[in-house]
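Enquirer: Could you work out the structure for the sequence below:
(chains A, B, C and D)
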2 protein chains.
Amino acid sequence: MSSALRSYGDPCGIARALDLVGERWSLLVVRELVLGSKRFTDLKAGLTGASPNVLSQRLRELEAGGVVRRSSEGAATYELTDWGRELHPLLVQLGLWGARSSAKPKGPLSPDAMMVALESTFQPTRAATLRVSLELQLDEQRYAVRVDRGKMTVVRGAMPAPDVVIDTDVATLRKSVFGHDVEPQGVGMRGDVKRGRAFLKLFARPKPNPDA
Amino acid sequence: MSSALRSYGDPCGIARALDLVGERWSLLVVRELVLGSKRFTDLKAGLTGASPNVLSQRLRELEAGGVVRRSSEGAATYELTDWGRELHPLLVQLGLWGARSSAKPKGPLSPDAMMVALESTFQPTRAATLRVSLELQLDEQRYAVRVDRGKMTVVRGAMPAPDVVIDTDVATLRKSVFGHDVEPQGVGMRGDVKRGRAFLKLFARPKPNPDA
DNA sequence: CGGTATCCAAGCCGATACTG
DNA sequence: CAGTATCGGCTTGGATACCG
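Expert: Modelled structure (predicted):
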């Protein structure tokens, strides 16, 4: 039932990390939770291909490992522990590295994955002079985004009193941000449109790696 | 025979990274190579528990993915590509994170793993005033280490004209560096002993995480 | 030394069905 | 909604033996 998690039996920190988050799907579960807590069904929706069976087991393992915690409050939602949240910058780095892979699976990008991609490709130097708080509405998901002093923070949920609201979908945002089109198409904006457009220019398309 | 590598089929950068280095043992293979190239048998020795079977397959996959390359020169040794080498800082971070896990498998630490642990726990601020080049002899392995301007670099192999040579074994070095013993025991030094001892104080024991 | 061949056990995948 | 139970089919992983 509970299925003991197999270990590398290696005291090295890397092996110990992999004992906890190295199983298939584990790190993607963390990706799903890194922008905020989620419920089981939403996790499943974000992880196409993972059966409820495996997902449930991964959640139990991550919980046992102190990476994930069931939301103390009310309902059955999962969230990262403080320690689990420390994986955030690591995921961002890993995502940037992986984005330079030559293999590009076709398929839709989930809203959460898109937001992490924005974190990965954020260019602090371009943001030096921009300060904005905005809400990004992406396929029925909402993200509260703040850019200040060359830092960007993203959290799932509404942004109170944003300077600008951007309303779009993943495919469009992707093109607008990483595409060569200078003019954003199909990106709705309400509020301070000028800063909204400036925000869309803070990201750099990852360069393919040389080692094909 | 060639076994197509299974993919998450997710265009997200994290998933694409995991397509390449997310299989069991893959990231540990990278750990083995991150300090310099190695031969098949030495890889196997560093990865206790991995059968030659899987190791061979992982190497083929990593090679196909452009992460690892067979040494063009002469013999059958494996090395990281430039792109693969970009995983180095990520591994160091991951190792630090994992070292804070509450689960600590017993067993010997390999020399390479020990050196990566040193990279993980290196404290730049403590090294601000130290500049030293040294050779660390660890259980028949030699590492060329340089500390300069708050940076440390480690490469497997001999250091030409080192300021100091440190001769010890993994267990002893571990105690000396992470233990509370102020005085290093059983750590042999030849050359500039003063700077050798200073070097041993550049590292901090990882603090256990609060989320048991 | 540098792997491949073989075999077996365990785990995952995916579907479906079921329960509180 | 939030999972657990069950099941077949298949893929991996692990151990050992073996060969150039």
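
Enquirer: Next up, phi/psi of the residue nearest the centre of chain A, please.
Expert: Nearest to the mean C-alpha position of chain A, by Cα atoms, centre = their mean, lies residue A:116 at 3.2 Å. Dihedral pair for residue A:116: phi -70, psi -30, per degrees, to the nearest 10.

Enquirer: What residues does it make contact with?
Expert: Going by Cβ atoms under 8 Å, 6 or more residues apart in numbering or on different chains, residue A:116 touches A:31, A:34-35, A:91-92, A:95, B:12-14. Heads up, the C-betas are built off the backbone N, CA and C, glycines and all.

Enquirer: Of those - the most surrounded one?
Expert: Neighbour counts for these (other Cβ atoms under 10 Å in any protein chain shown) peak at residue B:14, which has 29 neighbours.

Enquirer: Quick check, that residue in contact with residue A:114.
Expert: No: if you go by Cβ atoms under 8 Å, residue B:14 and residue A:114 don't touch, sitting 11.8 Å apart.

Enquirer: one step back: JSON lines for the contacts of residue A:116, including pLDDT, distance to residue A:77 and secondary structure?
Expert: Output for the contacts of residue A:116, formatted as JSON lines (pLDDT from 0 to 100; distance: Cβ to Cβ, whole Å; DSSP: H, G, I helix; E, B strand; the rest coil):
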{"residue": "A:31", "pLDDT": "97", "distance to residue A:77": "16", "secondary structure": "helix"}
{"residue": "A:34", "pLDDT": "97", "distance to residue A:77": "14", "secondary structure": "coil"}
{"residue": "A:35", "pLDDT": "97", "distance to residue A:77": "13", "secondary structure": "coil"}
{"residue": "A:91", "pLDDT": "98", "distance to residue A:77": "20", "secondary structure": "helix"}
{"residue": "A:92", "pLDDT": "98", "distance to residue A:77": "23", "secondary structure": "helix"}
{"residue": "A:95", "pLDDT": "98", "distance to residue A:77": "24", "secondary structure": "helix"}
{"residue": "B:12", "pLDDT": "95", "distance to residue A:77": "22", "secondary structure": "coil"}
{"residue": "B:13", "pLDDT": "97", "distance to residue A:77": "26", "secondary structure": "helix"}
{"residue": "B:14", "pLDDT": "97", "distance to residue A:77": "22", "secondary structure": "helix"}
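
Enquirer: Name the residues of stretch A:161-168 that are buried.
Expert: A:162-166, A:168 (16 or more other Cβ atoms under 10 Å in any protein chain shown).

Enquirer: which residue packs closest to residue A:8, ignoring adjacent ones?
Expert: Spatial nearest neighbour of residue A:8, chain neighbours left out: residue A:15 (4.1 Å); criterion: Cβ to Cβ, 6 or more residues apart in numbering or on different chains.

Enquirer: With DNA strand C as the reference, measure out to the one you found.
Expert: Distance of residue A:15 to DNA strand C, computed by Cβ to the nearest atom of the strand, to the nearest Å: 17 Å.

Enquirer: residues touching that residue, list them.
Expert: Counting by Cβ under 8 Å, 6+ apart, residue A:15 touches A:8-9, B:28, B:98, B:105, B:113.
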